[in-house]
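> build me a model from this:
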Amino acid sequence: MIIRFLGTHNAESKDTKLVSFLIDNVLAVDAGCLASELTFSEQEKIKAILLTHGHYDHIREIPAFAFNNTDHTTKVYATSQTFRILSSHLVDGLIYPKFTIKIPFFLEKPSLKFIELEPFDIVDILGYQILPLPVNHTVDTVGFEITSKDKKKIFYTGDTGSGLSALWEHISPDIILMDLTFPNRLENRAINSKHLCPKLLKKELRELHNVKDEFPKVVLIHLSPKDEEEIKKEVNEISKELDISIDIACEGDKIIV
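Residues are numbered from 1 along each chain as shown. You can find the predicted model right below:
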């Protein structure tokens, strides 16, 4: 299983992109930069999309992707609330066409098909076993444990605050991709917006270690780019204290699981 990171930040600039990554070039997870960071031919290879939640930085390029791929139907998997957000605010027939229906002289068939996910219900998608798990964020949000045909596993938290401990018994990933948005000096902002900072991350990792004998590989995503250097220093301290390797995802990175 190959993870290819298209966007790994919570704010966009020339050098930083909103969160989106690919699994083996066929399964997309979140859609912050799903169209703008891929060629048309690369977009055509994507057969399904997983969305963690309905915040703009995770769904922004669903309409652009749908507009670019009108000759086939791509399945999009998410919670019912995420689909309500998409249908009422982006693919609503005003800002963008309703890509989920046929449109005379434009769409001979829908370019998107919404498939609702229920937390804790495993779904087979393109041969991957997908386990959606609820996490603590300001809107309905699920993380995903993704298991490949050869039983390699990753867990992506999506945007989340504290309180992941209830999930650890349900998963056994080789790699965990975790939200880390703010530095410690913005801990109150992290708590109020239900994200993580290094101090909160350390608590979550300690609780993970209480449940699992070994740490999986930890990769951090969704960093605030203006605070990134400060965050990296604080993460390095945690890495030394817990004696584990913690990596920070960057646009263009690839990880082989």
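> CA atoms for contacts and neighbours, from now on please.
Will do.
> so in that sheet, which strands flank the helix or strand harbouring residue 5, and in what orientation?
Assessed by DSSP states H and E, residue 5 sits inside strand 2-7. Its sheet considered, strand 2-7 pairs with strand 20-23 (antiparallel), strand 254-256 (antiparallel) by DSSP bridges.
> if you compare those strands, which one is most tucked away?
Mean neighbour count (mean count of other CA atoms under 10 Å) peaks for strand 20-23 among these, with a mean of 24.
> what does that one contact?
Around strand 20-23, the neighbours that count as contacts under CA atoms under 8 Å, 6 or more residues apart in numbering are 1-8, 28-34, 58.
> the same query, at a cut-off of 10 Å, please.
Counting contacts by CA atoms under 10 Å, 6 or more residues apart in numbering, the residues outside strand 20-23 that touch it are 1-9, 27-35, 37, 46, 49-51, 57-59, 61, 128, 146, 148, 221-222, 251-256.
> so the residue of the chain most remote from its centre, which state does it fall into?
Largest separation from the mean C-alpha position in the chain: residue 105, at 34.2 Å (CA atoms, centre = their mean). Of the three states, residue 105 takes coil under DSSP: H, G, I helix; E, B strand; the rest coil.
> I'd like the distance between it and residue 207.
55 Å (CA to CA, to the nearest Å).
> need the strands paired with strand 2-7 in JSON lines with distance to residue 141 and mean pLDDT, can you?
Listed next are the strands paired with strand 2-7 as JSON lines, based on distance: least, CA to CA, whole Å; pLDDT from 0 to 100:
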{"stretch": "strand 20-23", "distance to residue 141": "15", "mean pLDDT": "99"}
{"stretch": "strand 254-256", "distance to residue 141": "24", "mean pLDDT": "98"}
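> just send the ones you listed back as a markdown table, with distance to residue 190 too.
Formatted as a markdown table, these follow (distance: least, CA to CA, whole Å):
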| stretch | distance to residue 190 |
| --- | --- |
| strand 20-23 | 21 |
| strand 254-256 | 27 |
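> between the ones you listed, which gets nearest to residue 164?
strand 20-23 (21.5 Å; CA to CA).
> can you name the next helix or strand after the closest one?
Remark: after strand 20-23, the chain's next helix or strand is strand 27-29, criterion DSSP H and E.
> can you list contacts of that next one?
Under CA under 10 Å, 6+ apart, the answer for strand 27-29 is 3-6, 19-23, 34, 43, 45-52, 58-59, 76-77, 125-126, 128, 144, 156, 158.
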